[in-house]
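Visitor: sequence and predicted structure are below.
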Amino acid sequence: MSKTVSAELTDNAELTELGKQLRVDAVRAAGAAGSGHPTSSMSAADLAAVLLARYLRYDFGRPDDPGNDHFILSKGHASPLLYAMYLAAGAIDDEELLTFRKKGSRLEGHPTPRLPWVDVATGSLGQGLPIGVGVALAGKHLDRVPYRVWVLSGDSEMAEGSVWEAAEHAGFEHLDNLTLIVDVNRLGQRGPTRHQRDLDAYARRLRAFGWHTVEVDGHDIEAVDAAYREVCAVTGRPTAIIAGTRKGSGVAAVEDREGMHGKPLPDADEAIEELGGRRSIRIDVRKPDKARTAAPAGNGSLDLPRYRLGDEVATRNAFGEAVTALGSARGDVVVLDGEVGDSTRAEFFAKEHPGRYFECYIAEQQLAAAAVGMQVRGYTPFACSFASFLTRAHDFFRMAAISGADLNVVGSHVGVAIGQDGPSQMGLEDLAMFRAVHASTVLYPSDANQTAKLVAAMAGAQGIRYLRTNRGESPVIYGPDEEFPIGGSKVLRSAADDAVTLVGAGQTVHECLRAADILAAEGIAVRVIDLYSVKPVDAGTLRTAADQTGCLVTVEDHHPEGGLGDAVAEAFADGRPVPRLVRLAVTNMPGSATPQEQLEAAGIDGETVAAAIRLLLEEAVVR
């Protein structure tokens, strides 16, 4: 059967045939690959058929059209279904479909934005709905364009906490441009899901967060169509279609059977015959109405704050003032915060640009996901929280990198010098976390002018950019016209007879300078490098210092694993001669104490650093 069907003329019988086609093509793709998740694709095929033919508004020839709906396949393992939909829409051909999971193919095992119709990478379950909330927030409050965000979720991932962070946020924000489709096929990877096919168990929970829900037999085309029609008419709240389905639907050998997850069908040809054979229905997907996004507000002139040498300014304050200035210059800049805006200083932006400030409350996964969703729509987000709390959202940043997302993350209250609040509030693992993210940028400024310049620089960079800020005040050591390129560093002390090199970043730069002054009074010259760009690292400057002084001592307010010391060591990982490397870091478990007491207890205050250098030089003499 080969025909092209317009959305307006598709009847229910043809939609039934389209659902079977999607199943067949999912089976074919997985069979050609010898792997994949056809049974998870088959359960949602009827839901996808009705959506594609009647309700999705999308121009596949213009994936950047601002009026396009957004379809997010949260159950990313069901990618054969997504690719079968693209084939039915004429976006790919049959030859490409059969490259599924092969090297070099755009049709990866879990979808990524290598395909222009995919907004974000999925596959880590529980992320589609939170990101969909971010896209819907942009549509409602920034773009002001009536596109709809459709999220197809599996029932297994409804156990993820991130889903319920998103559900509450969507209900609170009255996101009536968001529809969640839950494919309740009863079976997870290793057996039955928690609620199996109890549709009301899911609906009750969503309704508690203010959602309008529709429970439906996911294989009844007429009922599915009515459900879509109903949710499209709802205003003032998000909607969900809770669909009871059968995994492997249509093929008796696998339908609703355990042990078939993630496996191609035992006999693909036999299954295709049971489904009625191959079809070649092509759907003329309805294009969106012409839409124009709201013009972003911004005067185009960036006037960063300027700070006087010697003034005491917290870098978190400088961040708040700098991002506010950036927001005045650029209408694409948005700020999201996790109910700590008074501490991160994101509240400065909120007061000047309330329409582009988004409060995500104590929900760091939703915070990160909303930022990912907003960058899908072309905005430049700054997601802010305490650095220690961002660890909860690490998987979202990891997946954002797979998506090729561009976003800025700001972690405040780093290191031990936050003082009496104790270790639960201290960011001591964040450098390792963000350095491990693919193609990330990691910055740690030491003073206010440096912070302001780095905020502007990171907004123009690509990938995941992370900025660390300190709670306490520190002296301004750079003039306002100094430049700080990403990948650079600053040599703050240098002499021909330097005995060692001290390498610090952020808070510890000031401790290194204090140690250098103490040692200079004793006739010992040491070099001091401000390694504000922790990734990419300024390998050239470090190698020069190693050649000239023979020893690098890193001083960091972070655990030794994965932090500044490791970044410095990696500058010598390509076969170059490795200098003596000494690491001073937070190796103890801090308690409650004053900032100065915390630095002393960790052994990274100026006096202790100076003592460590003396001991190091004495050992060298003995040798």
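Guide: Arrived safely, thanks for sending.
Visitor: contacts only, for Glu600.
Guide: With contacts defined as CB atoms under 8 Å, 6 or more residues apart in numbering, Glu600 is in contact with 607-608. Using the backbone N, CA and C atoms, a C-beta is placed for each residue, glycine as well.
Visitor: distance of it from Ala611?
Guide: Per CB to CB, to the nearest Å, Glu600 is found 11 Å from Ala611.
Visitor: so what's the residue count around Val288?
Guide: Wrong residue type there; residue 288 is Pro, not Val. When neighbours are defined as other CB atoms under 10 Å, Pro288 has 19 of them.
Visitor: surely Phe71 is within a strand?
Guide: Yes. With DSSP: H, G, I helix; E, B strand; the rest coil as the criterion, Phe71 is assigned to a strand.
Visitor: got the contact list for it?
Guide: For Phe71, the contact set (CB under 8 Å, 6+ apart) comprises 51, 56, 58, 117, 150, 152.
Visitor: can we see that at 10 Å?
Guide: Shown in contact with Phe71 (CB atoms under 10 Å, 6 or more residues apart in numbering): 48, 51-52, 56, 58, 82, 85, 117-119, 128, 132, 148-152, 181.
Visitor: same deal with Leu178?
Guide: Contacts for Leu178 (CB under 10 Å, 6+ apart) come out as 70, 129, 132-133, 135-137, 139-140, 148-151, 166, 170-171, 211, 231, 237-240.
Visitor: one more time with 8 Å
Guide: Per CB under 8 Å, 6+ apart, neighbours of Leu178: 132-133, 136, 148-149, 151, 170, 238-239.
Visitor: pLDDT score assigned to the closest residue to Asp311 other than its chain neighbours?
Guide: Computed as CB to CB, 6 or more residues apart in numbering, the closest residue to Asp311 that is not its neighbour in sequence is Val476, at 4.9 Å. On pLDDT, Val476 comes in at 98.
Visitor: tell me the phi and psi of Val476?
Guide: Torsion angles at Val476 (phi, psi; degrees, to the nearest 10) stand at phi -80, psi 120.
Visitor: from what I can see it touches Thr451, true?
Guide: No. Using CB atoms under 8 Å, Val476 is not in contact with Thr451, being 10.0 Å away.
Visitor: so between the two, which is more surrounded?
Guide: When neighbours are counted by other CB under 10 Å, Val476 and Thr451 differ, and Thr451 comes out ahead with 36 against 22.
Visitor: how near is that one to Leu265?
Guide: From Thr451 over to Leu265 the distance is 57 Å, taken as CB to CB.
Visitor: go on, Leu18?
Guide: 20 Å.
Visitor: the more surrounded of these two?
Guide: Leu18 (27 against 23).
Visitor: so the more buried one sits right up against Ile281, yeah?
Guide: Yes. Between Leu18 and Ile281 there is a contact under CB under 8 Å: 5.3 Å.
Visitor: doesn't Ala400 lie inside a helix?
Guide: Yes. The assignment for Ala400, made by three-state DSSP, places it in a helix.
Visitor: how deep is it tucked in, by neighbour count?
Guide: Residues near Ala400, counting by other CB under 10 Å, number 28.
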